[in-house]
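Chemist: generate a structure from the sequence data that follows.
(4 chains)
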Amino acid sequence: MSRVDGYGRIDRSRTVTVTVDGTAYTGHPGDTVASVLLAHDARPQNTSVKYGRPRGIGAAWTEDPVGLVQVEEPFPEPMLLAATVEATDGLVVRGVNGQGRLAEVPDTARYDRRHTHCDVLVVGAGPAGLVAARTAARAGRSVVLVDDRPTAGGTLTGTETIDGRPSLEFVADTVAELAALGVVHLQRTTAFGHYDDGFVLALERRGDCVIEMGPRTRQRVHRIRAGRVVVAAGAIERPVVVEDNDRPGVMLAASARDLLHRHGVLAGREVVVFTSDDAAYAAATDLADAGARVRVLDARERAPQAGRRRCEDRGIPVETGTLVHGTRGEDRVTAALVGALTSSERREVPCDLLLVSGGWNPAAHLASHVGGSLAYDPVIGAFRPGELPPDVAVVGAANGTFALADILREAGGPDAPVAPPEEWPEPTLVLWRTPGDPTRQFVDVARDATVADVERAVGAGMTHPEHVKRYTTIGTAHDQGKTSGIIALGILAELTGRPIQEVGTTTARPPYTPVAFAALAGRERGDLFDPVRTTALHAWHVAAGAEFEDVGQWQRARHYPQAGEDMTAAVLRECAAVRTSVGIMDASTLGKIDVRGPDAPVLLDRLYTNLMSSLKVGRVRYGVMCGNDGMVFDDGTVLRLAEDRYLVTTTTGNAAAVLDWMEEWLQTEWPDLRVRLTSVTEQWSIAAVAGPRSRDVIGTVFADVDVSNEAFGFMTWQDTSLDGVPVRLARISFSGELAFEVTVSSWYAPALWERLVEAGAPHGITPYGTETMHVLRAEKGYPIIGQDTDGTVSPHDLGMAWAVSKKKDDFVGKRSYARPENRNPLRKQLVSLLPTDGATRLPEGSQIVAHCDDGRLPPAPVPMLGHVTSSYHSAALARPFALALVKGGRERLGEVVHVPVGDELVAARIGESVLVDPEGARRDG
Amino acid sequence: MTAGTTAPKPPGADLPEHPDHLWRDAEPRRAYDVVVVGGGGHGLATAHYLAKNHGITNVAVLEKGWLAGGNMARNTTLIRSNYLWDESAGIYEHALKLWEGLEEDLDYPILFSQRGVLNLAHTEQDVRDSVRRVEANKLNGIDAEWLGPDEVAKVCPIVNVSSDIRYPVQGATFQPRAGIAKHDYVAWGFARRASEASIDIIQDCEVTGFVTDADRVTGVRTTRGTIAAGTVALCAAGHTSTLLDMLGVRAPLQSHPLQALVSELLEPVHPTIVMSNAVHVYVSQAHKGELVMGAGVDSYNGYGQRGAFHVIERQMAAAVELFPVFARAHLLRSWAGIVDVTPDASPIVGHTPYENVFLNCGWGTGGFKATPGLGWAFADTVAHGRPHPLVAPFGLDRFVTGALVDEHGAAAVAH
Amino acid sequence: MQLIACPWCGPREEIEFSYGGQAHVAYPEHPASLTDEQWAHFVFFRDNPKGPFAERWSHSAGCRRWFTAVRDTRTHRFVSPPEMTS
Amino acid sequence: MADRMADRTLTPTHPLADRRGLLATVADETAGAVRLELEAPVAAVDLRLDPRGTGPAAVAAAIGAALPSAPDTWTAHPTGAALRLGPDEWLLTSTAASAEDWEFHVDEVAAAHGGMAVDVSAQRTSLRVRGAARELLSFGCALDLRPASFPAGRCAQTLLGQSGVLLVAHDVDDLQILVRPSFAAYVADLLVDAAGELVPQPVP
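Modeler: So this is what the prediction gives:
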């Protein structure tokens, strides 16, 4: 056991058991998997990704390049760091060999996001962040403070003094003050991405430890919009690359200190501290105080006076001008290979822990995400923030300010607490590696990438860091090069003989640390992935046993199968009912736009291909809308309600797009037009009552309306009321049959629908769905926009030249019809296809080829004539039929073409697109 | 170096070693027969085929930053040829055939892996469009099948084909020959071949203007001096408009951010490529084990190589919806490229008003997969001074005549 | 994800807006009198600058008003306050 | 049969009738932290008027209260509320008039001043969130809902999850959500789901 009494912020009164690689270990609340393992002198059974070498724990937090574990229980989660996984009872993890494993079952845990707004967001609750938050909160700002560790204080260990008190007392007092000031303070919350305008994403780990979460979410993404973002994320210690530095037992110096003070764990008994920086002296003395035998090897010619003195007080030998060249050992370090700076001699210094420290890299990633520049500072051997976007600040170690007294001052200004100044600090010696065999000097331990790999990259002709990164994979692992990135640049600079500032850098990208997909999905799963839109009549359809189809976000009743019916049977039955008696369909999803104002006719004349100004009040006209390119964009009926008022209907899928399109023209192109548009899609529900008996049904329900053909002609509308509720009736048919559309406020739609169904009962009124509607309209050759068109089809191609006004000087799209391609006789045109066998239903989407004498396809590429856009069994025709877009189709009427269906070539005859009642006799009943 | 144990081979052990020499970082000379502007995949492939197929080697490839550091370094490496229209199928299938022999041609392990692509259909209209595309592909000699949900699950067992998701999978088109390749290696392979052919690859050389003489361009002004050019081949993707502005030429291009992301390394779970337009996500698992994903373009023009996070959040929601096992995979890194999109979602290749300047742009999200095919055809175009038949349908004049190749109508398949 | 200052509603999340591309492209007065090329330029060709770009936006999830604004396409930042179009 | 029908009246159906019970559970589940209630349908018109003309004053006179002039604000009038939706657009509700009378009445006034009113009574339905309303909405709405930023008297058309909504601030702990009926079930389900976060947790 390497647990040390008197150290650590763990709860020793309770124990937890975690299982790592099949062995159960006891730890305490407050431990991580890494600290539990180190407390038992153990490590995860990791192997490296390329060479399969053993890997241990390399650091105490997210910068660890090696200590990866796979969580198996309570739920599999891949590639987490032992140093960041909190030890909870029953946790089962194992070491990984470079790849994680996903669960085979869905994750039932809940995730969410929450929006937060504040004046100031402070990232990091170390000394800099706490003081920055305190200063802002005292000034009356609304403050959010996030920090990724379980407790505030950052790297403070308790040995420091702030405002004359032990540092952790200062931390506790400050946390209490922040709470009193109303600061939203979130620990275990990692700010992982920073976007424009103060937008920061932070992942809160709320309950990895709690097995029974109830309805609460396991992780939450806070979407924080801050007036000002203060990055106080600290710094990441930089190692020095030596031979075999990937061996378990090599660790960052500050991490060993962190493990001691946070978890009461001594990571080694025989410790060599190899440093080129002052901070590691504190690690040396703290570990010695806790019982380790420590030796300090300082690469610099001079050791810091205070540090040396404190070492001497404890009997810690300090050798200056001395380098560690490598490590010895099998599965873990047993000795460091040591030599003087000026000598080639090597000696082995036995140890079970080699601590390395080559200085500190500011963790300014969040400033970089949003475009902040970085500038290399040769004094600290690292990049520090340069030019920052407005309302972004970086303070403390993240800004390259490493001395506690300076950090506090920088973060707090005149209000700052004080700490004793550093005594005689020695400048950092910037040292990327020591002399040694480059094939065994690991630059990125996570990727098994060595100095030799960098050498090969340079030898291959690469000079840019991005190339070297991609050639060697340095910096691409789970840690995204938190410790290796700068060293790779330093070594690249060395190898190419350039100063590091000329080498350039790679770019920090979100996220700062990995984030689970599910956390980013948040609540948008299952039914909440995307809204299910339903009409006012939905409950009726459900009760009637409807099958639904997704049309955009809408769910529309597709058909209403009766017992034993498949869709084909149900649709044949529904079609027959409409053609022979009466059916009823919910058409409420049609888009509806109230177009009002003196210039309403002008607007519609410009946007529809046909004339709408000539439409008389009380009448209805079918209209086609095209884009500037002249291709059909939408269609629908237009009711003229008054001289200055129309009701425009659109297709279901295009309702929003058409309104947007009309608003765009109106607001940006013709703002002088006195017209206003109002969406009334959901204001009005529509029941389509269709079939020869529809007149009876409507006449029964609306007894005071004269529904005769003479009084109520085709393509006219009338207002009436039912029990005092206004109702609009319109004779509009999408089936060719006598039909009425009944429009009522959606409040009353279910009640009115029931009345219609009741009144239709004597005629066997049959509810029908979208599939039947599609068949009926196809029998009449009416196209469905988006099914029989694909954005490349003009009204002329659809055989709707009649809907394209020749009287108007212009309308949107008109000019495009004069383009050469629009006059191409081989444009595809909408026609019908009747399979000559009278039996085959051609699959929709099938391609059409020219007649082949031998009944076989020629070798590819086979010229295609067009494709089948719609295809159905027809009850009325007692055979299958199809609509198709065929090159020069209207010139080919009567021709037989072929359609590959599976391995067969099915012959089909081209015909007019209208197959049922071409003379239009049925529409008047 | 040996493994400490006899455990199974680590996942990174079999990745190929790179050659010891890739390319020569050249100093610009004063004049070249052909100056290729843009050292991405298309520029390098064009250079390679100029040398290989046409013996033209007095060529410079000018790159404003680091070689292949634009969209080539940022794309999600999907390769497929199952496009709807004959014109698109022609160029992409030609590319796919070249991909199938590219490792040999380049003598470089580009990790081309033909693992197939599923394009999922979630609505009735998706199904129609899918069948239409499959049937067209077949007649064009492109491998394509329509699969029902059960067959989808056989090809990719982790796809949720149950009917209780918001937009149930109704089926998918499947192109078995589709695949992925390692984007950097592809670029480096072309660069290496071009460099071997003594073509000059010039990095950190940004074009700042053109020297013109009536309807000819005689030279290219760069941050490293003016370079005389017999012919200029523009392969600058998202930056094309900037170059055309210098020439006073207009093209219907808009540059948008397009984001992509990767997970950490994972044990193999995803054997193929899955794309879904309806829920906006596409995923493959790369050789080392990371999930590589992308979504739709950000809506507005942007050269910032940054996109909005809500696009990624939405994509993650779609991914977890379609692949429940991805729930605890982790987003490791996200980034953005700049894609140049055209009104009909098809590229623009061919003549410009300058007789010796040829244009290649507007590939949107399709650039990577076309790389060898475009390079092959564009080199031929440059060498002969007229559009190769495979790229002829993609001339700038189609926007005037109306003969568009509209790939976002029925096919509506991005990437 | 940016905040976009709707001239009516004030700053809102980018996701509430739809993009309308280049501003100030007027519908031709007499389309019929244009050549095919001129018409094609109106229909399909838009500027694509790397730098300040005057463009149109609609606050589609809010007040539904269209407005124009100048944004720098390199930084994605708005460089002039948005203005209502009508 | 026709006679039998004439005896009846058409009964309106609330778009969230089938969610009523579910919404009611939230108050219990959250120990009263938040309450979700359906509101009775009211008459509503979309009023379009030139804000600089004489119309606003005329409408104000007719409804008995001034129209709100600041963007994204609302005011009460004797029988309902007036919400400013856009530069020339208001939503005017009334609990007293029928939908068609309200349209007729407001339109008549507006038309005389070049404006218009369109019946949109059934175009939206209303949910009331009381208690920790702002906290609940923060799970799906990116708008700054802090009381200082969104005080009583403010309204906003924005997004809640994937749905467009019109939010109305009545008080610090009292918000109203107007939503299209077709999206209402989604919004209700989203809020109920998020309300799980306000369920008191046992102290471990």
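Chemist: helix or strand: which one has the residue nearest to A:P317 when sequence neighbours are not counted?
Modeler: Nearest residue to A:P317 in three dimensions, chain neighbours excluded: A:R295, at 5.1 Å (CB to CB, 6 or more residues apart in numbering or on different chains). The way it works is simple: take the backbone N, C-alpha and C, and place the C-beta from them, glycine included. Taking DSSP states H and E as the criterion, A:R295 maps to strand A:293-298.
Chemist: can you pull out the low-pLDDT segments for chain A?
Modeler: A:208-215 (pLDDT under 70).
Chemist: go with 50
Modeler: A:209-213 (pLDDT under 50).
Chemist: who's in contact with the helix or strand bottoming out on mean pLDDT in chain C?
Modeler: Lowest mean confidence among the helices and strands of chain C (mean pLDDT, DSSP states H and E): strand C:83-84, at a mean of 80. Applying CB atoms under 8 Å, 6 or more residues apart in numbering or on different chains, the external contacts of strand C:83-84 come out as C:7-8, C:65-69, D:87.
Chemist: domain parsing of chain D, as residue ranges.
Modeler: Annotated domains of chain D cover D:17-40+D:123-198, D:43-119 [automatic domain parsing].
Chemist: for A:T505, find the nearest of those.
Modeler: Among the domains of chain D, the nearest to A:T505 by CB to CB is domain D:17-40+D:123-198 (33.1 Å).
Chemist: ends of that closest one, how far apart?
Modeler: 24 Å (CA to CA, to the nearest Å).
Chemist: swap in stretch A:740-756?
Modeler: 11 Å.
Chemist: near chain D at all, that stretch?
Modeler: Yes - Stretch A:740-756 comes into contact with chain D (CB under 8 Å from any CB of the partner chain), by way of A:745-752, A:755.
Chemist: same deal with stretch A:169-184?
Modeler: No - if you take CB under 8 Å from any CB as the test, stretch A:169-184 misses chain D, and the best it gets is 11.2 Å.
Chemist: distance between that stretch and the chain's centre?
Modeler: 35 Å (CA atoms, centre = their mean, to the nearest Å).
Chemist: list the buried ones in it?
Modeler: Neighbour-count burial for stretch A:169-184, counted by 16 or more other CB atoms under 10 Å in any protein chain shown, picks out A:170-171, A:173-175, A:178, A:181, A:183-184.
Chemist: can you check stretch A:745-758 too?
Modeler: For stretch A:745-758, the neighbour count (16+ other CB under 10 Å) marks A:745-753, A:755-758 as buried.
Chemist: which residues touch the strand or helix carrying B:G294?
Modeler: B:G294 belongs to strand B:290-297 when assigned by DSSP H and E. Defining contact as CB under 8 Å, 6+ apart, one finds that strand B:290-297 is touched by B:76-77, B:180, B:256-266, B:270, B:280-286, B:311-312, B:314-315, B:318-319, B:326, B:329, B:332, B:339, B:341, B:364-365, B:414-415.
Chemist: okay, and which of the residues you listed map to helices?
Modeler: B:311-312, B:314-315, B:318-319 (DSSP state H).
Chemist: filter the residues you listed down to the buried ones and hand me the PyMOL line.
Modeler: Provided next is the PyMOL selection string for whichever of the ones in helices among the contacts of strand B:290-297 are buried by 16+ other CB under 10 Å:
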select buried, chain B and resi 311+312+314+315+318+319
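Chemist: so which of the ones in helices among the contacts of strand B:290-297 reach chain A?
Modeler: B:312, B:314, B:318-319.
Chemist: so which of those is the closest to chain A?
Modeler: B:A319 (5.8 Å; CB to the nearest CB).
Chemist: residue ranges with poor pLDDT in chain B?
Modeler: B:1-6, B:410-415.
Chemist: ok, now with 70
Modeler: B:1-8, B:409-415.
Chemist: residue closest to the middle of it?
Modeler: B:F368 (1.4 Å; CA atoms, centre = their mean).
Chemist: before we move on, the earlier item: nearest to chain D, of the buried residues of stretch A:169-184?
Modeler: A:V184 (11.2 Å).
Chemist: which residues does that closest one bridge with?
Modeler: Bridge pairing for A:V184 (DSSP bridges) gives the partners A:V144.
Chemist: can you show me the helices along chain D?
Modeler: Using DSSP H, helices in chain D cover D:2-6, D:20-29, D:55-63, D:99-111, D:133-137, D:181-195.
Chemist: can you add distance to chain A and give these back as JSON lines?
Modeler: Below are these laid out as JSON lines (distance: least, CB to the nearest CB, whole Å):
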{"stretch": "helix D:2-6", "distance to chain A": "5"}
{"stretch": "helix D:20-29", "distance to chain A": "8"}
{"stretch": "helix D:55-63", "distance to chain A": "13"}
{"stretch": "helix D:99-111", "distance to chain A": "5"}
{"stretch": "helix D:133-137", "distance to chain A": "9"}
{"stretch": "helix D:181-195", "distance to chain A": "4"}
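Chemist: what count of nearby residues applies to A:D11?
Modeler: 12 (other CB atoms under 10 Å in any protein chain shown).
Chemist: spatially, which residue comes closest to it, not counting chain neighbours?
Modeler: A:P29 (4.3 Å).
Chemist: and B:E145, by the same measure?
Modeler: Nearest non-adjacent residue to B:E145 (CB to CB, 6+ apart): B:F174, at 4.7 Å.
Chemist: and the one you found, what element?
Modeler: Using DSSP H and E, B:F174 falls in strand B:171-175.
Chemist: tell me which strands that strand pairs with, and in which orientation.
Modeler: In the sheet, strand B:171-175 lines up with strand B:117-121 (antiparallel), strand B:145-147 (antiparallel) (DSSP bridges).
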